[in-house]
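Engineer: Everything below, folded, please.
(one chain, ligands or ions: 3)
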Amino acid sequence: MIILRVALDVPLPKLFDYRSEDATRADVGYRVLVPFGKRRLVGVIWDVATKSKVTDSRLRSVEKILRDVAPLPREWLALVEFCSGYYHGPLGEVIAAALPPRLRGAKSVPLPPRDYVLTPIGRDALAATPSRHRRLRALLERLARGRASGSELDAQATGSRNLLKRGIEAGWIAPIEPERSEPRFIHAHELTSEQEHAIGILRSRLEKFRVSLLFGVTGSGKTEIYLHLIADVLARNKQVLILVPEIALTPALEAAFRDRFSGACIVTQTSAMAELERVRGWVLAHSGRADIVLGTRLAVFTPLARLGLVVVDEEQDASFKQREGVRYSARDLAITRAHIAGASVVLCSATPSLESFHHATSGKYELVPLTRRAIDRAALPAIHLIDTRVHPPQEGIVRPLLEALAARLARGEQSLVFLNRRGYAPALACPACGWVKGCRRCSASMVVHLAVQWLRCHHCGLAEGIPRACPECGNPDLQAFGRGTQRVEITLAEKFPHARILRVDSDAVRTRTGLEDLLERAIHADILVGTQILAKGHHFERLTLAGVLNADSGLFSSDYRASERAFAQLQQVAGRAGRANLPGEVLIQTRYPEHPLYQALVRNDYAGFAKSVLAERREAGFPPFVFEAVLRAESRDSVRALRFLRSAIGRAPQRGASITVFDPAPMSLARLAGVERAQALLQSRSRPRLQAFLREWSDSLYRTPAQGVRWHLDVDPIEF
Ligand code: ADP
Ligand code: ZN
Ligand code: ZN
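Structural biologist: Ligands and ions are numbered 1, 2, ... in the order given. A predicted model of the protein is given here:
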């Protein structure tokens, strides 16, 4: 008897056995349709065995092995197995998350376009075909002159698909792989000597697994460097995977890639794509036809049999960490993936994560620094700190910034006013009794959106009308506290009535094309008011001033990663100013100009900042000097969530002094969309010990009924 051991998308850490008539070992990696309870599920064949622990009478048969897509390769299976083991998620769940949605079901998958040729029998058939079969003759005659693509044949005559199909069945016509065009790299710039040097180092490491950190100031031409490396890798007939943080960045980047690599097969993979578009690209990658795969975190799971290089751009970005389901870090998996494939990894950043920076300075990774901007005339922007105790803001904006904006307007240059808060005001409150309008479903206040006259919760999306009076004391004079982009936009429009002001935040952008459209219009604005959407990766030639309004909010967070993120964000904003011919200036409003973070920023000294924060982390026992995981519980009832965690800790396996388990506590955003969230933090100086402990613990957790609580483990968490 043949038993298939199948990974299914169910929350149980095991494989499921099914009987099959005709399967062989060669079927490992194929998708398979099986009955599961009253449902039918698609899973992946993980193993083929001859015996099962399930009794014969209970063993069910597979419905169908789905062989339309080639089996998932061994390296891919190794990657998901690692992911399941390290993040402690059931294999079947990891696989479901790693496959494009289309492949999680049994629907047919569009195969990549093929070319068609005439077979010798087809030639004979053509000779024998009477001229009254006009359409068939036309088709065969066309193919007698040489191969043709399906789309060309379609264009030649409607209905040719049917004829084609019949021709293939008759053995007259054969589908073949289209000819691959050789990708050609188009040089755009004379490289700077620093770039040449960096490429030299990176190139020498391409042949095997090695992690390099390309650490260069914004505008130092990091993209240009990895484009050159990619050209090398393509010339060796290998494939390249590039991970980027933002979905919004992929269309622009894809266009840039098409410009620079003519003839290359370039595929994007993001969650924003339509199901068919996504699976088409995936199949191209899987079949080995794609040369370059460009995508967000989920692209790390694209099967690539000839992988030669992985690039992770803006590697510090928090979006590489998956925040639901299996909570993987795509950056870390990219490294594992390259390790499995024997490929090289380049992490890029102006402000690397402290983890990567630590590995690069301690010799585990290769550190490749770039200290100058690539364009001679583009000096780094001058950063000035404006002390709000000396210059009290008027309606949120200090006088020196208003003057600097006026000067740009007079010179016809562009400015950016940055604040990381959308909406009109972050809170609606009653000045008489102190009541603040909170979200019913989250432990957060609701944000005032004046344009639509609404209150909106930025965590769960709940929207409500603005109340007429305070529900506590009846005071009709409620006030909007604090400032968001909408309010700043209104203030600026009053101060500069003739300026063209454009707000760019996720309220202004609702769709992907919306963003492209908005960025197009942004080129012509005098003043841009924006959130981090604007901070990343866009070039504005005339932009010479960046003003930052609420930078201090990143300084005193309870999250130890907040300062690292604040630095990265400020550096990105600063990087928008003065990219081309015009020198840039950055004004930061702050109450704490002497803060070491700002001092390092002014000196443009991320390395110095990173070293001092790392020293603090070493002292205090935080990552990367310890390894962390959390057990999280979610329930309608906070008492129940905490009780679950306490009892889970009570039943935890034996642990030595090497593992510290902290008392359970509510998360900093304790309630989200009506769900109470609590967690217990675990720390250890030994990753293997922590992993061994988690393995044993999660096994026992899976075996215990959770009673109205949903739980998960988050390894290397970034939310607390
Ligand atoms: P980074 O990714 O380091 O911020 P980019 O690669 O985006 O920098 O480069 C910044 C700008 O400099 C881009 O407009 C790019 O086309 C340009 N650039 C890069 N290298 C060179 C070069 N060697 N000569 C001239 N311009 C360059
Ligand atoms: Zn009140
Ligand atoms: Zn809410």
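Engineer: ok, the residue of the stretch 51-200 of the chain found nearest ligand 1 to residue 274 distance?
Structural biologist: In the stretch 51-200 of the chain, no residue comes nearer to ligand 1 than residue 189, which is 3.4 Å away by CB to the nearest ligand atom. Placement of C-beta: from N, CA and C, glycine included. Summarising the geometry, the distance separating residue 189 from residue 274, computed by CB to CB, to the nearest Å, is 35 Å.
Engineer: And for residue 648?
Structural biologist: Between residue 648 and residue 274 the computed distance is 41 Å (CB to CB).
Engineer: quick one: which of the two has more around it?
Structural biologist: residue 648 (21 against 10; other CB atoms under 10 Å).
Engineer: I'd guess residue 345 is in a helix, am I close?
Structural biologist: No - with the criterion set as DSSP: H, G, I helix; E, B strand; the rest coil, the secondary structure at residue 345 is strand rather than a helix.
Engineer: residue contacts, the residue of the stretch 251-400 of the chain found nearest ligand 1?
Structural biologist: When you check the stretch 251-400 of the chain against ligand 1 by CB to the nearest ligand atom, the closest residue turns out to be residue 374, at 3.4 Å. Contact analysis of residue 374 by CB atoms under 8 Å, 6 or more residues apart in numbering lists 189, 192, 195, 219-221, 224.
Engineer: Just give me the neighbour total for the closest residue to the residue of the stretch 51-200 of the chain closest to ligand 1 other than its chain neighbours.
Structural biologist: Nearest-residue entry for residue 189: residue 224, 6.3 Å, with adjacent residues in sequence omitted and distances by CB to CB, 6 or more residues apart in numbering. For residue 224, the tally of surrounding residues (other CB under 10 Å) stands at 18.
Engineer: what does residue 161 give?
Structural biologist: Neighbour count for residue 161, taken as other CB under 10 Å: 12.
Engineer: Those residues of the protein touching ligand 2, which are they?
Structural biologist: Proximity of the chain to ligand 2, by CB under 5 Å from the ion, involves residues 430, 432-433, 435, 470, 472-473, 475.
Engineer: If you rank the contacts of residue 374 by neighbours, which is first?
Structural biologist: Ranked by the number of neighbours (other CB under 10 Å), the contacts of residue 374 place residue 220 first, at 26 neighbours.
Engineer: do you know how far that one is from residue 370?
Structural biologist: 4 Å.
Engineer: what do these two both touch?
Structural biologist: Contact criterion CB under 8 Å, 6+ apart; residues shared by residue 220 and residue 370: residue 194.
Engineer: Which elements pack onto the top helix by length along the chain?
Structural biologist: In the chain, taking DSSP state H as the definition, the longest helix is helix 687-703. Judged by 3 or more CB pairs under 8 Å, 6 or more residues apart in numbering; DSSP states H and E, helix 687-703 is in contact with strand 627-635, strand 659-661, strand 675-684, strand 710-715.
Engineer: ok so, going back, if I look at the residue nearest to residue 189, how far off is ligand 1?
Structural biologist: In this structure, residue 224 lies at 4 Å from ligand 1, with CB to the nearest ligand atom, to the nearest Å as the measure.
Engineer: Show me the contact partners of the helix or strand harbouring that residue.
Structural biologist: When elements are assigned from DSSP states H and E, residue 224 belongs to helix 222-235. Contact partners of helix 222-235, identified using CB under 8 Å, 6+ apart, comprise 183, 185, 188-189, 191, 195, 198-199, 202-203, 206, 214, 216, 239-240, 242, 256, 260-261, 264, 291-292, 308-309, 311, 313, 346, 348, 350, 370, 374.
Engineer: Going through those residues, which ones are buried?
Structural biologist: 183, 185, 191, 195, 198-199, 202, 206, 214, 216, 239-240, 242, 260-261, 264, 291-292, 308-309, 311, 313, 346, 348, 350, 370, 374 (16 or more other CB atoms under 10 Å).
Engineer: Just the ones of the residues you listed in strands?
Structural biologist: Under the assignment DSSP state E, those contribute 185, 214, 216, 239-240, 242, 261, 292, 308-309, 311, 313, 346, 348, 370 to strands.
Engineer: From those, pick the one nearest residue 41.
Structural biologist: residue 239 (30.9 Å; CB to CB).
Engineer: Tell me the bridge partners for the closest one.
Structural biologist: For residue 239, the beta-bridge assignment (DSSP bridges) gives partners residue 307.
Engineer: Give me the buried stretch members for the helix holding residue 224, please.
Structural biologist: Judged by neighbour count (16+ other CB under 10 Å), helix 222-235 contains these buried residues: 222-234.
Engineer: Redo the residues you listed as CSV? Include distance to residue 300.
Structural biologist: Formatted as CSV, the entries for the buried residues of helix 222-235 read as follows, by distance: CB to CB, whole Å:
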residue, distance to residue 300
222, 20
223, 20
224, 24
225, 21
226, 17
227, 20
228, 23
229, 18
230, 17
231, 22
232, 22
233, 17
234, 20
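Engineer: Save those residues as TSV, and put in pLDDT and distance to residue 169 too.
Structural biologist: Below are those laid out as TSV (pLDDT from 0 to 100; distance: CB to CB, whole Å):
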residue	pLDDT	distance to residue 169
222	93	53
223	92	49
224	94	51
225	95	51
226	94	47
227	96	46
228	96	48
229	96	46
230	96	42
231	96	43
232	95	44
233	96	41
234	95	38
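Engineer: Farthest-apart pair in those residues, please.
Structural biologist: When these are compared pair by pair using CB to CB, the maximum separation belongs to 222 and 234, at 18.7 Å.
Engineer: Return the list of strands paired to the helix or strand encompassing residue 416, each annotated with direction.
Structural biologist: Here residue 416 sits within strand 414-418, counting by DSSP H and E. Listed by DSSP bridges, the sheet partners of strand 414-418 and their directions read strand 527-530 (parallel), strand 543-548 (parallel).
Engineer: Would you mind listing what in this protein touches ligand 3?
Structural biologist: Residues of the chain that fall close to ligand 3, judged by CB under 5 Å from the ion: 439, 441-442, 457, 459-460, 462.
Engineer: Thanks a lot, catch you later.
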